[in-house]
Structure formats: C-alpha cells, structure tokens
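# predicted model and sequence follow; I will ask about them next.
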Amino acid sequence: MNDVPTTVAAICRTLTARIAGGEFSADGKLPSERALSEQFSTTRITLQEALGQLEAQGVIYRQMRRGWFISPPRLIYNPLQRSHFHAMAQQQGRDAHTEVIDSGRVTANAALARRLELPEGAKIYRIRRLRYIDGRAVLYCEHYLNPAYFAGILSEDLTQSLTGLYAERYDIRYGRVRFDMLPTLLPQQAAAMLKVTYGSPALFITRVNRDQHDRVIDCDLEYWRYDALHIDVEAR
C-alpha cells in the first residue's frame with residue numbers, strides 16, 4: 001500500500017474519510033486495533049492515540065469488550081421544548097425505548113432535599129432507567145419524586161413516558177423547570193450501564209421540575225453519552 005498515513009493526524013483524516021465513504025460494516029464496527037495497525041503500518045500506541053482523538057470528536061465510540069464503532073447521528077435536544085424522550089426521538093425518525101433498572105423508596109440526602117424542597121432525610125421515590133436510541137444505550141437517568149404527589153406510581157409501567165403518566169393518572173403537568181448542564185466524567189454506575197469505560201466524558205444534566213401549580217414535583221439526574229446529544233436552543 002503506497003503512501004500509507006502513519007502520523008496521528010493523517011490516520012484521523014484517512015479514517016474519517018473512509019467512514020464518510022461507507023467503507024465499514026453495516027453494523028458500524030471498525031476492524032480490530034491489530035488489523036488497523038497493520039493497515040496503517042503503525043504502532044498500536046499511535047493508532048490508539050488517533051482513535052482517541054476521533055472518539056473525542058464524536059466520530060467513533062468504544063464499547064467495552066466489543067471494540068470500536070462509528071457513532072450514529074446525535075439526537076437533537078432543545079431543553080425549551082417539553083417533549084418527552086420517546087416523542088423527541090420519534091420526531092427525528094429514531095427508535096427509542098426505555099429499560100427500568102430499579103425503583104423504590106430512598107432517603108433524601110442534603111442535595112436532593114434542597115432541590116425537592118423537602119427536609120433532609122425525607123423518604124422519596126427513586127426510579128433509575130436506561131434509555132436507548134436505535135438500540136444503543138445513550139442515557140442513564142435517576143428520577144427522584146416527591147411521593148406526596150404520586151401515590152402508587154412505583155406499581156405502574158415505568159418504561160413509559162413519566163410525562164404522560166403524570167398527566168393521565170395524576171393530572172399533573174410540567175410548569176417551570178430549572179436546568180443545570182455540565183460536562184463531566186461518567187461515574188462507575190452510569191458507565192457500567194452505558195457499557196463504556198469508567199471515567200469517559202459525558203454531559204450531566206440536572207433538571208428540577210415544577211407542576212402547573214408551581215410545586216416542585218421531581219428532580220432528574222441525567223448522564224448522557226457525550227457523543228449522543230446535540231443541544232440546540234432558539235430563544236425569543
């Protein structure tokens with residue numbers, strides 16, 4: 001193979017072009033690192049640096065014990081629109097589903113109690129869920145609810161939209177909302193659920209929701225894969 005690129009920058013350019021040209025398998029899986037090292041006549045260290053740069057750009061992602069894959073298109077997310085996860089995905093022609101990890105009663109620590117406007121040590125509901133786009137886990141979420149407003153909710157089908165469940169069963173609709181968004185590194189629990197390396201980059205969103213009566217009803221802690229989301233906001 002003539003003029004084989006061997007520098008990190010050249011490998012990045014070549015792999016990006018090959019991905020854009022649809023060269024790799026239908027499931028988006030790249031060849032093994034050993035195979036790529038041989039193709040580029042380079043060391044594993046140099047190749048891994050190039051792959052790491054493409055990962056940081058959101059071009060590819062690594063799945064534990066499975067190798068490297070081409071990143072699918074990001075989900076466009078406008079926090080000002082109150083569309084729920086499944087509807088947002090459907091509007092963009094994507095397939096979404098939700099898996100419940102667990103649910104139950106927990107004790108509110110100081111931070112959660114402050115967000116929910118409850119005394120520290122109060123009993124609250126916690127629902128932990130994993131959310132998928134096109135079969136790939138992209139969001140690990142912990143929902144904390146004030147149980148005073150949601151009697152019996154833990155017995156419901158929690159794979160469905162909580163937004164819809166709130167409205168249909170409890171006549172509760174979202175009012176004001178407060179968002180905090182921070183880049184972060186995935187904690188161990190979230191990383192394991194998303195099947196990525198512990199400490200991988202992520203977008204951490206904290207959302208405190210009020211209802212139509214301006215009561216704080218719940219707080220969501222969301223860990224998004226950093227390569228899965230595109231924040232797009234237009235304000236007037």
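Cool, got the structure.
# need the helix or strand of this protein with the lowest average pLDDT.
strand 60-63 (a mean of 81; mean pLDDT, DSSP states H and E).
# return the set of buried residues in that one.
By 16 or more other C-beta atoms under 10 Å, the buried positions in strand 60-63 come out as Ile60, Tyr61, Arg62. C-betas here are computed from N, CA, C, even on glycine.
# pLDDT below threshold where in the chain?
1-5, 26 (pLDDT under 70).
# tell me the domain boundaries of the chain?
8-70, 75-231 (the TED database).
# quick one: residues in contact with the least confident helix or strand of the chain.
With contacts defined as C-beta atoms under 8 Å, 6 or more residues apart in numbering, strand 60-63 is touched by 15, 19, 30, 51, 54-55, 68-71, 195-197, 225, 227.
# buried ones among these?
15, 19, 30, 51, 54-55, 68-71, 195-196, 225, 227.
# which parts of this structure are helices?
8-20, 33-39, 44-56, 85-91, 110-116, 162-170, 188-194 (DSSP state H).
# so for Pro147, which of the ones you listed sits nearest?
Closest to Pro147 of the helices of the chain, according to C-beta to C-beta: helix 110-116, at 10.3 Å.
# mind giving me the packing neighbours of the closest one?
strand 136-145, strand 201-211, strand 216-225 (3 or more C-beta pairs under 8 Å, 6 or more residues apart in numbering; DSSP states H and E).
# what does it rub up against?
108, 119-122, 124, 144, 146, 206, 208, 216, 218-219.
# same list (these) but as a markdown table, adding distance to Ile76 and neighbour count.
Listed next are the contacts of helix 110-116 as a markdown table, based on distance: C-beta to C-beta, whole Å; neighbours: other C-beta atoms under 10 Å:
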| residue | distance to Ile76 | neighbour count |
| --- | --- | --- |
| Ala108 | 33 | 21 |
| Pro119 | 39 | 8 |
| Glu120 | 38 | 12 |
| Gly121 | 40 | 10 |
| Ala122 | 37 | 15 |
| Ile124 | 32 | 20 |
| Tyr144 | 27 | 20 |
| Asn146 | 31 | 19 |
| Thr206 | 20 | 15 |
| Val208 | 23 | 19 |
| Val216 | 28 | 17 |
| Asp218 | 24 | 24 |
| Cys219 | 24 | 23 |
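# from those, which is closest to Thr7?
Of the contacts of helix 110-116, the one sitting nearest to Thr7 (C-beta to C-beta) turns out to be Thr206, at 41.0 Å.
# got a list of what that closest one touches?
Listed by C-beta under 8 Å, 6+ apart, the contact partners of Thr206 are Arg115, Phe179, Asp180, Cys219, Asp220, Leu221, Glu222.
# if any of these are buried, give me the ChimeraX selection for them.
Selecting the buried subset of the contacts of Thr206 in ChimeraX, with 16+ other C-beta under 10 Å as the burial test, is done by:
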select :115,219,220,221,222
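# okay, the helices of the chain in TSV with distance to Arg128 next?
Shown next, in TSV, are those (distance: least, C-beta to C-beta, whole Å):
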stretch	distance to Arg128
helix 8-20	34
helix 33-39	33
helix 44-56	26
helix 85-91	15
helix 110-116	14
helix 162-170	13
helix 188-194	8
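# so which of those helices is nearest Asp134?
helix 85-91 (8.5 Å).
# count the residues that sit near the residue nearest to Pro147 when sequence neighbours are not counted.
Closest residue in space to Pro147, ignoring its immediate chain neighbours: Tyr125 at 5.2 Å, by C-beta to C-beta, 6 or more residues apart in numbering. Using other C-beta atoms under 10 Å, Tyr125 has 18 neighbouring residues.
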